[in-house]
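**Q** starting from these lines, generate the structure:
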Amino acid sequence: MEMNGKELLKLLKKNDWKEVRVEGSHHIMKKASAEISVPVHGAKSLKTGLLNQILKETGLK
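**A** The predicted model follows:
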């Protein structure tokens, strides 16, 4: 599965994650007490390990 940062943000927002702030190219998302950072570097795909880690932390995998 390949996905860039913008696509991952859309997926997280559909699953009730809220964007609380942006620090440079990192978008900070929050849901309840959990908080994660999603890097957005244009159309550049996220590396497989990072994508899997974010999906596991958010409960989407």
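**Q** between the two ends of stretch 12-32, how far is it?
**A** 13 Å (Cα to Cα, to the nearest Å).
**Q** report the rounded mean pLDDT for that stretch.
**A** Across stretch 12-32, the average pLDDT comes to 97.
**Q** pull out the buried residues from it.
**A** By neighbour count on 16 or more other Cβ atoms under 10 Å, the buried set for stretch 12-32 is 12, 17, 27, 29. (Glycine included, C-beta is placed from N, CA and C.)
**Q** what's the answer for stretch 34-54, then?
**A** Buried residues in stretch 34-54 (16+ other Cβ under 10 Å): 36, 38-40, 46, 51, 54.
**Q** quick one on the thing from earlier: mind putting the buried residues of stretch 12-32 into a markdown table with secondary structure and distance to residue 61?
**A** Output for those, formatted as a markdown table (DSSP: H, G, I helix; E, B strand; the rest coil; distance: Cβ to Cβ, whole Å):
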| residue | secondary structure | distance to residue 61 |
| --- | --- | --- |
| 12 | helix | 12 |
| 17 | coil | 14 |
| 27 | strand | 19 |
| 29 | strand | 16 |
